[in-house]
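1. Fold the stuff below for me.
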Amino acid sequence: MSNVDSTRRLWLIGGTTESAVIASAISYNISCLISVTTVSARSLYPQTPNLQVWVETLKPHQLEEFLLLQNITAVLDASHPYAVEISRNAISATQKLQIPYLRYERPAIDDASVINVASFDTLLSRDYLRSHRVLLTIGYRSLPLFQPWQEKATLFARILPSAKSLETALNSGFTADRLICLRPPISVDLERSLWQQWGISLVVSKASGTAGGEDVKRLVAQQLNIPLILVDRPIVNYPQQTSDVSVALEFIKFNC
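-> Numbers count the residues shown, from 1 in each chain. Next up is the predicted model:
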């Protein structure tokens with residue numbers, strides 16, 4: 001007989017390795033709805049009766065009804081650091097309905113040896129990229145921003161192996177010989193070999209933390225003496241936030 005209280009339910013905003021760790025820790029004790037945006041992300045989570053994985057991109061106007069219909073009593077936001085739209089929408093909806101919300105954010109890496117820029121606008125409004133052989137590991141959604149730079153630099157991109165990613169990259173001016181489709185995690189050896197194979201002289205990535213492979217890129221950049229530019233995480237005014245998994249688990253236990 002399950003001891004789980006079916007009247008109290010957590011919404012775990014997932015799709016990240018951190019959310020998978022949290023889901024595994026609560027899988028037999030808490031009723032939980034996990035939202036992800038891709039079918040492939042479903043495999044991150046354990047299959048138990050208490051965990052339901054929902055593959056859907058929730059629109060702002062849907063969230064309040066969603067929270068009520070799903071009997072959500074607490075929200076733990078463990079989405080990607082750059083998935084700011086779902087975070088902002090979830091904050092707004094939970095505040096209206098007075099549902100407890102906690103943001104779990106993967107720890108940032110503190111290292112002065114890289115170049116940090118505040119945004120893609122900052123990066124592209126200056127001459128960081130000019131005449132370089134640039135590897136972009138920034139996700140496919142940002143690739144269209146770099147289309148005007150295709151004639152000013154030699155741009156390469158690493159993207160996820162999906163039709164949407166490839167279509168976006170090709171439409172942004174990347175040729176097939178300047179694209180590689182790989183799903184993380186990527187080892188130090190593979191990362192280094194790719195940079196060397198393409199003769200990369202500059203790398204642009206996001207400040208996505210260890211879970212996003214940032215530590216590997218920092219290490220390879222140091223080994224090959226190649227500049228690494230990191231685009232800072234977007235600023236979101238979270239009502240409460242932690243980078244400690246134990247704090248997140250206490251929040252869940254108290255509210256669910």
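2. roughly how far apart are the residue sitting nearest the centre point of the chain and Leu170?
-> Most central in the chain under C-alpha atoms, centre = their mean is His80, positioned 2.8 Å from the mean C-alpha point. According to C-beta to C-beta, to the nearest Å, His80 and Leu170 sit 24 Å apart. C-beta coordinates here come from the backbone N, C-alpha and C atoms, glycine included.
3. what's the answer for Thr37, then?
-> Thr37 is 22 Å from Leu170, by C-beta to C-beta.
4. can you pull out the helices in the chain?
-> With helices called from DSSP state H, the chain shows them at 17-26, 63-69, 84-97, 120-124, 163-171, 188-198, 214-224, 245-255.
5. okay, now Ala118: neighbour count?
-> 11 (other C-beta atoms under 10 Å).
6. mind checking pLDDT for it?
-> Per-residue pLDDT puts Ala118 at 93.
7. hang on, isn't it packed against Asp232?
-> Yes - between Ala118 and Asp232 a contact is recorded at 5.3 Å, counting by C-beta atoms under 8 Å.
8. show me the contacts for Leu170.
-> Shown in contact with Leu170 (C-beta atoms under 8 Å, 6 or more residues apart in numbering): 176, 179.
9. State the distance from it to Tyr140.
-> As defined by C-beta to C-beta, Leu170 lies at a distance of 10 Å from Tyr140.
10. Check Thr168 too.
-> From Thr168 to Tyr140 the distance is 5 Å (C-beta to C-beta).
11. Find residues that contact each of these two.
-> By C-beta under 8 Å, 6+ apart, the residues touching both Thr168 and Tyr140 are Ile159.
12. hang on, the earlier thing: what's the closest non-adjacent residue to the residue nearest to the centre of the chain?
-> Spatially, and ignoring its direct neighbours in sequence, His80 is nearest to Thr16 (5.6 Å; C-beta to C-beta, 6 or more residues apart in numbering).
13. Please list all residues in contact with the one you found.
-> Neighbouring residues of Thr16 by C-beta under 8 Å, 6+ apart: 78-80, 106, 211.
14. Pull the most distant pair out of those residues.
-> Maximum pairwise distance among the contacts of Thr16 (C-beta to C-beta): 12.1 Å, between Ser79 and Ala211.
15. Which one's more surrounded, those two?
-> Legend: neighbour count by other C-beta under 10 Å for Ser79 and Ala211, higher for Ser79 (25 against 17).
16. Which pLDDT value goes with the closest residue to that one other than its chain neighbours?
-> In this structure, Ser79 finds its nearest non-sequential neighbour in Ile13, 4.6 Å apart by C-beta to C-beta, 6+ apart. Note for Ile13: predicted pLDDT of 96.
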